[in-house]
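J.: sequence and computational prediction follow.
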Amino acid sequence: MDNEPLEALPEDWERALCVVAHPDDMEFGAAAAVARWTGQGKHVTYCMVTSGEAGIDGMHPNECRTVREAEQVESARVVGVDVVEFLGQPDGILEYGVPLRRVIAETVRSHRPDIVITGNFRDTWGGRNLNQADHIAVGMAVLDAVRDAGNRWVFPEQLEGDLEPWGGVREVWAFGSPRAGHAVDTTDTFDAGVTSLEAHRAYIDGLGWEHFDPREFLEGMARPTGQRLGVAMAAPFEVFPMGWGE
């Protein structure tokens with residue numbers, strides 16, 4: 001991460017849809033931002049493409065799915081999100097392509113958000129730490145699915161019932177991106193973000209992170225990002241405008 005100043009994200013919107021690969025993805029970078037926005041009265045919905053069922057080596061996927069879905073629902077509640085959807089796609093082997101675009105486009109059409117939030121889908125986290133394949137596939141698919149959602153001739157079978165095309169997404173925001181040029185002040189909601197991550201206790205324990213400190217981990221990104229925004233704590237985002245010529 002460089003030291004270039006960051007621009008504050010706009011907050012003149014009402015509805016956001018967060019689409020990420022796994023339970024816990026939001027909590028490792030954006031939950032404190034979500035707490036800020038729900039505190040402003042904005043409506044935020046979570047959509048997990050998988051249930052993270054392949055995420056704990058010592059737990060069978062059928063059991064793991066139940067545990068991780070429950071942890072995600074509680075984690076979302078902490079930051080004011082009361083709608084959490086699970087798309088049931090296979091954890092660990094997601095592939096970018098039309099099938100993934102289709103299921104995400106349907107979700108966008110259903111919720112009709114102003115802003116769509118996803119996670120970093122660049123190859124790395126800004127250094128030598130490689131990103132995970134599911135994150136990359138979902139982020140790429142989100143960008144295309146947002147545009148698909150506004151075109152009635154793409155996935156038209158979804159429109160045979162009550163759904164309508166939705167081209168009202170202004171921007172897609174990818175949190176944690178090493179190419180972030182924007183950020184949101186999370187100083188006042190940072191503690192809620194920590195508590196939200198702590199709700200994933202079974203997952204963290206399953207990874208064998210015996211000495212993992214959620215607060216210390218989140219401060220590692222929030223403090224330097226805050227310095228670039230001119231505040232104590234902040235969350236970084238890369239912004240992708242969805243309009244033509246922007």
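T.: Done, it's in.

J.: Glu69 contacts Gly88, correct?
T.: No: with contacts counted by C-beta atoms under 8 Å, Glu69 stays clear of Gly88, the gap being 10.3 Å. No exception for glycine: its C-beta is placed from N, CA and C like everyone else's.

J.: so between the two, which is more surrounded?
T.: More crowded of Glu69 and Gly88, by other C-beta atoms under 10 Å: Glu69, with 17 against 13.

J.: in contact with that one, which residues?
T.: By C-beta atoms under 8 Å, 6 or more residues apart in numbering, the contact set of Glu69 is Pro23, Met48, Ser51, Val84, Phe86.

J.: among those, which are in helices?
T.: Using DSSP state H, no member of the contacts of Glu69 sits in helices.

J.: continuing past the helix-or-strand element of the chain with minimal mean pLDDT, what's the next helix or strand?
T.: Confidence across the helices and strands of the chain bottoms out at helix 201-206, with a mean of 90, counting by mean pLDDT, DSSP states H and E. For helix 201-206, the succeeding helix or strand toward the C-terminus, using DSSP states H and E, is helix 214-229.

J.: what's around Arg102, how many residues?
T.: 16.

J.: so which strand or helix has the residue sitting nearest the centre point of the chain?
T.: Geometric centre of the chain, nearest residue: Thr118, 3.8 Å, by C-alpha atoms, centre = their mean. For Thr118, the element it lies in under DSSP H and E is strand 115-119.

J.: what's that strand packed up against?
T.: strand 15-20, helix 133-149, strand 171-175 (3 or more C-beta pairs under 8 Å, 6 or more residues apart in numbering; DSSP states H and E).
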